[in-house]
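[1] predicted model and sequence follow; I will ask about them next.
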Amino acid sequence: MAKLGKPASPVDYAIVLKELAFRKKTKYAVTQGLIPDAIFIEDGKLVALEIEKEKWEAAIRLKMQAYNNRNDYDKVILVWYSRRGERLKEWQKENGEWKLVPS
């Protein structure tokens with residue numbers, strides 16, 4: 001596929017849009033090249049959406065630690081996707097605590 005100019009896995013931007021559609025969000029800002037991947041308002045709170053395509057969960061934990069030092073969002077949603085674009089797990093940080101959200 002790569003030799004034909006087609007990526008073997010979905011482009012990160014497409015996954016961000018897929019996740020926003022999954023959440024039924026119509027008003028958002030996608031921040032290409034910045035962290036987080038998208039920002040939107042939900043129940044009057046500023047929410048940061050971060051999509052991670054990592055091989056191991058340990059890499060996701062590092063991203064969580066990076067958000068522990070940030071207070072610029074009311075809520076952070078971190079979604080782990082496989083390299084092939086399959087949704088694996090979701091964590092949410094609100095009021096300083098991370099919680100695993102059942103799928």
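    Noted; the coordinates are in hand.
[2] ok, residue 13 - how many residues close by?
    By other C-beta atoms under 10 Å, 13 other residues sit near residue 13. C-betas here are computed from N, CA, C, even on glycine.
[3] neighbouring contacts of the host helix or strand of it?
    If you go by DSSP states H and E, residue 13 is part of helix 12-22. For helix 12-22, contacts defined as C-beta atoms under 8 Å, 6 or more residues apart in numbering pick out 10, 28, 30, 32, 37-38, 40, 49, 51, 53, 79, 81, 85, 87.
[4] other SSEs contacting the helix or strand following it?
    Counting by DSSP H and E, the element after helix 12-22 in chain order, helix or strand, is strand 29-30. Here strand 29-30 is seen to pack against helix 12-22, strand 38-42 when contacts are counted using 3 or more C-beta pairs under 8 Å, 6 or more residues apart in numbering; DSSP states H and E.
[5] and if we set it to 7 Å?
    strand 38-42 (3 or more C-beta pairs under 7 Å, 6 or more residues apart in numbering; DSSP states H and E).
[6] list the contacts of the strand it packs on.
    16, 20, 25, 27, 28, 29, 30, 31, 46, 47, 48, 49 (C-beta atoms under 7 Å, 6 or more residues apart in numbering).
[7] now do it: distance to the chain's middle.
    Computed by C-alpha atoms, centre = their mean, to the nearest Å, the separation of strand 38-42 from the middle of its chain amounts to 11 Å.
[8] and residue 60, helix, strand or coil?
    helix (DSSP: H, G, I helix; E, B strand; the rest coil).
[9] from residue 80, how far out is it?
    According to C-beta to C-beta, to the nearest Å, residue 60 stands 5 Å off from residue 80.
[10] lowest confidence element among the helices and strands of the protein?
    Sorting the helices and strands of the chain by mean pLDDT, DSSP states H and E puts strand 29-30 at the bottom, at a mean of 82.
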